[in-house]
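> how does the following fold in three dimensions:
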Amino acid sequence: MSDLFDTGDTPAPKGAPRPLADRLRPRALSEVIGQDQVLGPDAPLGVMLASGSLTSLIFWGPPGVGKTTIARLLADETDLHFVQISAIFTGVPELRKVFEEAKHRRANGQGTLLFVDEIHRFNKAQQDGFLPHMEDGTILLVGATTENPSFELNAALLSRSQVLVLMRLDLADLERLAQRAEKDLGRTLPLDGPAREGLLEMADGDGRALLNLIEQVAAWSTEGKLGRDALAARLMKRAAKYDKSGDEHYNLISALHKSVRGSDPDAALYWLARMLEGGEDPRYLARRITRMAVEDIGLADPQAQTVCLHAWELYERLGSPEGELALAQAVTYLALAPKSNAGYAAYKAAMREAKKSGSEPPPKHILNAPTKLMRDEGYGAGYAYDHDAEDAFSGQNYFPETMKRPVLYQPVERGFERELKKRLDYFSRLRERRGG
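Numbers count the residues shown, from 1 in each chain. Sure, this is the predicted structure:
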């Protein structure tokens, strides 16, 4: 097998240094910390291994949660030859070689577990290339991705695989990993309680990142235990995981939007801060915040849209970071404003009616008649000028003559829409009395 692809464990030369993360790599699935939702006895992988029937898999999760380790251990558990490639560095010629060697291995009675890191980086044609080899049993595919498989992987590939979601490690998982590292190192870390908690937080759910941080801390020569401030001075905080064009972008803007809709200003400000801290463009946030005012508050508080537009304008004038405070104030205002999607729902209902009614013309009585021919055709005949009517309301029909009058706008009993509902009911009663 070519060294380019065969990544089976190769013993390091005697005395060669090995990173802590490599020394602590689990040697059995039972040693994997976290991921009970996929590895437990009643979880998908636990059930597959117990039944001796392993299918192709896609591991979806953030970095440093064990995707590669679990794939390698699955190969050990099932006596499959483990081959690892990265979609970043592998082209079509290399893929052909992998498949040919897997076929040769299969002819000799051994299966191949092909682990593809960053599988979402392969294009559609490359992804399609896996299908025949999966179907005839040449390979058992285990792909790993940090991106949503629903958006990044072909439907055909997904239909032949089971997607398993691996979660970021929580603080309890990271603490167990830290204790395992201390056992390997033969000493405890020179940190007090708050500093130890700060170290775990710095890892941000990434086990590999935590072990790298621990290796740095363990190498320090210190007297006594360091506090949180001393730790922060010596270590840079790991940058939060945030991709302005990936899943985290959409997940966080969804969290911000739903927090505003749920009238929770604290949560809304938190998600706004998370996005700004991750480097999101404040102009994008200004646009999305204004959309929230239109979609979820609407006419329950017409002032909300003005607040958002002013905050947007203030940001453009002040720039960062002062202008971001205006966006934060707009988010707070929206979260506490009365909510109504009646206008949004009415617009969507109107769009549905417009599609159904096709090219139905307006009723002739509301059409202008600038020519004699148009007047002869009845254009404008019978039109009642509303300002001449009692209450400035004629009650005439303004929908196509063949169309049954729909009810589209249904205001809620909240905020300013409570007043609009009174007006709507008033005109509805007048229309009924006047036969509109």
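> name the surrounding residues that touch stretch 134-146.
With contact meaning Cβ atoms under 8 Å, 6 or more residues apart in numbering, stretch 134-146 is reached by 54-63, 67-68, 71, 74, 78, 80, 99, 102-103, 106, 111-120, 130, 133, 152-153, 160-161, 246-247. C-beta here means a position set from N, CA and C on the backbone, and glycine is covered the same way.
> return the subset of those residues lying in strands.
Counting by DSSP state E, the part of the contacts of stretch 134-146 found in strands is 57-60, 112-117.
> gap between the spatially most central residue of the chain and Asp76?
Centroid-nearest residue in the chain, with Cα atoms, centre = their mean: Asn251, separated by 3.1 Å. Using Cβ to Cβ, to the nearest Å, one obtains 34 Å as the distance from Asn251 to Asp76.
> what does Gln410 give?
62 Å.
> before we move on, what about Leu57?
15 Å.
> domain boundaries for this structure, per the record?
Domain ranges of the chain: 20-165, 171-234, 247-336, 355-433, per automatic domain parsing.
> buried sites along whatever helix or strand Leu272 lives in?
Per DSSP states H and E, Leu272 falls inside helix 265-277. Neighbour counts over helix 265-277 (16 or more other Cβ atoms under 10 Å) mark 265, 267-269, 271-272, 274-276 as buried.
> touching, Trp60 and Leu164? I think so.
Yes. At 7.1 Å, Trp60 counts as touching Leu164 under the criterion of Cβ atoms under 8 Å.
> with only the CA atoms kept, save the strand or helix carrying Glu316 in PDB.
Element membership for Glu316 (DSSP H and E) is helix 303-318. Listed next in PDB are the C-alpha coordinates belonging to helix 303-318 (Å, rounded to 0.1, in the frame of the first residue of the first chain):
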ATOM      1  CA  GLN A 303     -41.900  52.500  14.800                       C
ATOM      2  CA  ALA A 304     -39.700  49.400  14.900                       C
ATOM      3  CA  GLN A 305     -38.800  49.700  11.300                       C
ATOM      4  CA  THR A 306     -37.700  53.300  11.800                       C
ATOM      5  CA  VAL A 307     -35.600  52.300  14.800                       C
ATOM      6  CA  CYS A 308     -33.800  49.700  12.600                       C
ATOM      7  CA  LEU A 309     -33.200  52.100   9.700                       C
ATOM      8  CA  HIS A 310     -31.900  54.700  12.100                       C
ATOM      9  CA  ALA A 311     -29.500  52.200  13.700                       C
ATOM     10  CA  TRP A 312     -28.300  51.100  10.200                       C
ATOM     11  CA  GLU A 313     -27.700  54.800   9.300                       C
ATOM     12  CA  LEU A 314     -25.900  55.400  12.600                       C
ATOM     13  CA  TYR A 315     -23.600  52.500  12.000                       C
ATOM     14  CA  GLU A 316     -22.700  53.800   8.500                       C
ATOM     15  CA  ARG A 317     -21.900  57.200  10.100                       C
ATOM     16  CA  LEU A 318     -20.000  56.000  13.200                       C
END
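> can you point out the buried residues in it?
For helix 303-318, the neighbour count (16+ other Cβ under 10 Å) marks 304-305, 307-308, 311-312, 314-315 as buried.
> before we move on, the earlier item: which of Trp60 and Leu164 has more neighbours?
Using other Cβ atoms under 10 Å, the more surrounded residue of Trp60 and Leu164 is Trp60, with 23 against 20.
> no further questions, thank you.
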